[in-house]
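**Student:** Let me see the structure of the following:
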Amino acid sequence: MRIITNPGRLRLPGPAASAFIVWLLLAFLPVIAKMLGYNFLPSTHWISAWGQYGLAVGVVSALLAVPLMIKATQASEQSKFRKGLTVVGGPLMAFVLGKNIIVVTTPMILAMIIGQQTELIFTVAKADGDGSRRCRSPVELGELPLLFDRLCHIPDEVRRNLPSGSHLGITGTGTSAGIYAETLQRVD
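**Tutor:** Residues are numbered from 1 along each chain as shown. Modelled structure (predicted):
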């Protein structure tokens, strides 16, 4: 029988658990913002300057996830196939999320805190696609990470004048590291 010595007291997680929770919040911030309709774009300059650090954080995240995934599958009754997916998929997801902390979350937070009216130039990769249910009439931009490489609901009359390789000046609140897109115009 266990005796409760301190009923009602909140037990705080240890430092490792706290660090993991902060990592998760930072990793999912851009995804949540995107789902809420915020069009944030990291700058291509930021990605080229900080991309290697993003890769390093992604690799460390993936390496830390491997033992966690192995431990999680050892206690489960899943099939070998599902266990294999967990051991491979978990670290891959950790890599992407860890990389996004540097490549997307950091410039996003900078834009929230110190952002001002800014214009950044992006290259159009494709502007003639139909898009999806969540992102109709997209303009896809080059050299940006997946999920953060498109603007949605752009009128067809604007998209018709945006061939691949053309440049867009996107204005909004941000810094040289990234921008919350508000308006766009072709610049050549």
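**Student:** quick one, phi psi at Gln78?
**Tutor:** Note on Gln78: backbone dihedrals following degrees, to the nearest 10 are phi -70, psi 160.
**Student:** Number of residues surrounding it?
**Tutor:** Gln78 has 13 neighbours, counted by other Cβ atoms under 10 Å. Backbone N, C-alpha and C define where each C-beta goes, glycine included.
**Student:** where's the closest residue to it other than its chain neighbours, which helix or strand?
**Tutor:** Counting by Cβ to Cβ, 6 or more residues apart in numbering, Gln78 lies nearest to Thr86, which is 7.4 Å off, once chain neighbours are set aside. Counting by DSSP states H and E, the element that carries Thr86 is helix 80-100.
**Student:** which other residues reach that helix?
**Tutor:** Contact with helix 80-100 is made by 23-24, 27-28, 30, 54-55, 57-66, 68-70, 72-73, 76, 78, 145, as judged by Cβ atoms under 8 Å, 6 or more residues apart in numbering.
**Student:** Counting neighbours, show which residues of it come out buried.
**Tutor:** Residues 83, 86-87, 90-91, 94-100 are the ones in helix 80-100 that count as buried (16 or more other Cβ atoms under 10 Å).
**Student:** Repeat that for stretch 112-122.
**Tutor:** Residues 112, 115, 118, 120, 122 are the ones in stretch 112-122 that count as buried (16+ other Cβ under 10 Å).
**Student:** Quick one: mean pLDDT over it.
**Tutor:** Average pLDDT, stretch 112-122: 96.
**Student:** Could you do stretch 69-81 as well?
**Tutor:** The average pLDDT within stretch 69-81 is 80.
**Student:** cool, stretch 35-51 as well?
**Tutor:** On average, the pLDDT along stretch 35-51 is 93.
**Student:** got it, and stretch 14-27?
**Tutor:** The predicted model gives stretch 14-27 an average pLDDT of 85.
**Student:** just stretch 129-141 next, same as before
**Tutor:** In this model, stretch 129-141 has a mean pLDDT of 85.
**Student:** Start and end of it, how far apart?
**Tutor:** Using Cα to Cα, to the nearest Å, the end-to-end distance of stretch 129-141 comes out at 12 Å.
**Student:** quick one: buried residues of it?
**Tutor:** 135, 137-141.
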